[in-house]
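Chemist: when you get a sec, could you give me coordinates for this:
(one chain, ligands or ions: 1)
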Amino acid sequence: MHNLTGKIAVVTGGGEGIGRGIAHALAAAGARVAVADIDTAAAERVAAEIEAGGARALAAQADVADAASLEALAERVERAIGPVDILVNNAGVMLDGSLVDGALADWQWVLSVNLMGVVHGVRAFVPHMRARGSGHVVNTGSMAGLAPRLASRLGIYSASKAAVVSYSEMLRAELAPAGIGVSVLCPSTVRTRIWDAERNRPATLGAGQPVPMPARVAEALDPMDVGPLVVRAIREDRAYIFTSEDARPRIEARNAAVLADVAHHEEESAAAGGGA
Ligand SMILES: NC(=O)c1ccc[n+]([C@@H]2O[C@H](COP(=O)([O-])OP(=O)(O)OC[C@H]3O[C@@H](n4cnc5c(N)ncnc54)[C@H](O)[C@@H]3O)[C@@H](O)[C@H]2O)c1
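Modeler: Reported below is the predicted structural model:
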């Protein structure tokens, strides 16, 4: 999708952080943007910022964990500004906890937003894109899904993001014949309020553990700088979107660990074959 002028975009979790940056960048590229967020006031603020800059925007309340909420969002956006060309499934939450001892409610919350939020977005919007034979989907994964920091306590989060990466790779293959592009955004650390994601945890799931904010966040990328990278990737139909220079060493280290055991397997197989 080379020209974004007049295209209609939806950004979930668009009320702040990376989603806000993406919404602004899409508007600057000429798209009309629906800013969707569980935090209505945040969505309204971002839509007002975009309109103040002279572009058209719509604010909408939506909880990505709820399939019906995204179906309603799809109807509302289409009625208000037209059929959606660009879907950005960006809303996400993070928590601290052990994979062994973490509460099941922690798993429910993180998977319902980070993974099922993407599933719900695709189910609500993509059939309409497919009927028109064009469109682009961006799912926000994470470097934590490709090459996690193993010393962290972000195992539940990393598992959810690994699922988003895999889902996006498969979705790209599934939708290519329909003329729809798919990209997975894999940010390294970005300076946002995700370390305070608890603010959006449903009360029904009880309180979770606050995530200690690592010192690197203070020096990390500004979320507004992520938006233009996403716009460029939509234009070029890139499968993966990276934000920082640490992507290569982290992915190479992860692949080296995997390939070391592939080599071990090959040696053992050769030895077994040789002895037979
Ligand atoms: N900040 C980072 O370092 C980093 C790194 C990699 C990936 N990410 C991912 O980027 C995405 C955006 O996170 P961020 O860092 O901008 O965090 P953020 O907390 O600043 O923004 C997240 C937004 O999502 C909204 N949200 C939360 N739950 C929601 C729900 N159920 N339905 C709809 N909206 C909901 C919040 O209200 C907020 O506006 C997430 O998917 C996150 O996992 C962030």
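Chemist: from now on I want contacts and neighbour counts done on CA atoms only, so please keep to that.
Modeler: Noted.
Chemist: mind giving me the packing neighbours of the strand or helix carrying Ala72?
Modeler: Assigned by DSSP states H and E, Ala72 belongs to helix 67-81. The helices and strands touching helix 67-81, judged by 3 or more CA pairs under 8 Å, 6 or more residues apart in numbering; DSSP states H and E, are strand 57-61, helix 116-132.
Chemist: how about it: buried residues?
Modeler: By 16 or more other CA atoms under 10 Å, the buried positions in helix 67-81 come out as 67, 69-71, 73-74, 77, 81.
Chemist: heading C-terminal from it, find the next helix or strand.
Modeler: Taking DSSP H and E, what comes next after helix 67-81 is strand 86-89.
Chemist: roughly how far out does that next one sit from the chain middle?
Modeler: Relative to its chain's centre, strand 86-89 lies at 9 Å (CA atoms, centre = their mean, to the nearest Å).
Chemist: next SSE downstream of it?
Modeler: Next along from strand 86-89, by DSSP H and E: helix 104-110.
Chemist: output that following helix as PDB - backbone C-alpha positions only.
Modeler: Backbone C-alpha positions of helix 104-110 (Å, rounded to 0.1, in the frame of the first residue of the first chain) are rendered in PDB as follows:
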ATOM      1  CA  LEU A 104      -3.900 -18.100  36.400                       C
ATOM      2  CA  ALA A 105      -5.600 -14.700  36.300                       C
ATOM      3  CA  ASP A 106      -2.300 -13.200  35.200                       C
ATOM      4  CA  TRP A 107      -2.300 -15.600  32.200                       C
ATOM      5  CA  GLN A 108      -5.900 -14.900  31.400                       C
ATOM      6  CA  TRP A 109      -5.400 -11.100  31.400                       C
ATOM      7  CA  VAL A 110      -2.200 -11.100  29.300                       C
END
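Chemist: what about that helix, near the ligand?
Modeler: No: using CA under 6 Å from any ligand atom, helix 104-110 stays clear of the ligand, coming no nearer than 8.5 Å.
Chemist: show me where the stretch 151-276 of the chain dips below the pLDDT cut-off.
Modeler: 274-276 (pLDDT under 70).
Chemist: swap the cut-off to 80 and go again
Modeler: Residues of the stretch 151-276 of the chain that meet the criterion pLDDT under 80 lie in 209-210, 274-276.
Chemist: where do the strands sit along it?
Modeler: 180-186, 240-242 (DSSP state E, counting those that start in this stretch).
Chemist: buried deepest among these, which one?
Modeler: strand 180-186 (a mean of 26; mean count of other CA atoms under 10 Å).
Chemist: backbone dihedrals for the most centrally placed residue in the chain, please?
Modeler: With distances taken as CA atoms, centre = their mean, the residue of the chain nearest its centroid is Thr140 (1.3 Å). Thr140 has phi and psi values of phi -90, psi 110 when expressed as degrees, to the nearest 10.
Chemist: please consider this matter closed, and thank you.
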